[in-house]
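>>> Quick one, what's the 3D model for this:
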Amino acid sequence: MKLSYQKKLLEAGLDEVGRGCLAGPVYAAAVILPWDYHSSILNDSKKLSKKNREKLAIEIKKEALSFGIGFCSAQEIDEINILNASFLAMHKALKKLKQQPGFLAVDGNRFKVYEEVPFQCCVKGDAHYLNIAAASVLAKTERDSFMEELHAEYPQYDWVNNKGYPTKKHREGILKAGISPYHRRSFQLILPQLKLNI
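Coordinates of the predicted model:
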């Protein structure tokens, strides 16, 4: 895996987590790694065990030149749609950086310009560039922790296991208990066939 997309300018890697969820915020992280950073286990956060993600999150926060984490709530997602909320969460993360990057490497195929900083969208960038992978780890560990905390208040949705993603148990919980303040009302929360089968 390469450290970054380019090496001429100070670069921040960007990634988001939670776009496909039915509940909870969408989180994003921006990470600027030092040029000599290396890791034998850092990868796309979805390919890592929870233990390794949490271990890496501590390491990344310690080793990074700068990092920022941002999120948009379910209400913001409903107001501006999930794509724009993902961009806004990334912009919030960038605003928290202590150093202004000269270039952005963004996971995915779309992005909204941030303060005229040049950028490159990278499909599956979290599997190719360490700075994007680092951002994916921070975004996922922060979001997972938040959803696990919410589970204590809303155990009927099984968020401790599904983190808000559309599992059968999550949808059945919605059907039986109704929606919570953290559900995205603009999403299809209940599938028609599930209504018939329960």
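>>> need the contact list for Arg171.
Leu22, Leu189, Ile190, Leu191, Leu194 (CB atoms under 8 Å, 6 or more residues apart in numbering). (C-beta placed from N, C-alpha, C; glycine too.)
>>> now do Arg19
Counting by CB under 8 Å, 6+ apart, Arg19 touches Val26, Ile82, Ser86.
>>> May I ask which of those has the most neighbours?
Ranked by the number of neighbours (other CB atoms under 10 Å), the contacts of Arg19 place Val26 first, at 29 neighbours.
>>> rewinding a little: now the contacts of Arg19 in CSV, with pLDDT and secondary structure?
Shown next, in CSV, are those (pLDDT from 0 to 100; DSSP: H, G, I helix; E, B strand; the rest coil):
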residue, pLDDT, secondary structure
Val26, 98, strand
Ile82, 98, helix
Ser86, 98, helix
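>>> Out of those residues, which comes closest to Ser145?
When the contacts of Arg19 are compared for distance to Ser145 (CB to CB), Val26 wins out at 14.8 Å.
>>> Next, the contact list for the closest one, please.
For Val26, the contact set (CB under 8 Å, 6+ apart) comprises Glu16, Val17, Gly18, Arg19, Phe71, Cys72, Ile77, Ile82, Ala85, Ser86, Ala89, Arg143.
>>> how about the nearest residue to the third one, chain neighbours excluded?
In this structure, Gly18 finds its nearest non-sequential neighbour in Val26, 4.4 Å apart by CB to CB, 6 or more residues apart in numbering.
>>> who's that neighbour bridged to?
Using DSSP bridges, the beta-bridge partners of Val26 come out as Cys72.
>>> Look up how far Asp78 lies from it.
Per CB to CB, to the nearest Å, Val26 is found 12 Å from Asp78.
>>> Asn162: which of the contacts of Arg171 is nearest?
Leu22 (9.0 Å).
>>> buried stuff in stretch 17-34?
Within stretch 17-34, the residues that qualify as buried are 17-18, 21-33, counting by 16 or more other CB atoms under 10 Å.
>>> One more: stretch 94-109?
Neighbour-count burial for stretch 94-109, counted by 16+ other CB under 10 Å, picks out Leu94, Leu97, Pro101, Phe103, Leu104, Ala105, Val106, Asp107, Gly108.
>>> Could you tell me which ranges of this structure sit under the pLDDT cut-off?
Along the chain, the parts satisfying pLDDT under 70 run over 193-198.
>>> ok, now with 80
192-198 (pLDDT under 80).
>>> What is the distance between stretch 78-94 and the centre of its chain?
Here the centre of stretch 78-94 is set off from its chain's centre by 11 Å, with CA atoms, centre = their mean, to the nearest Å.
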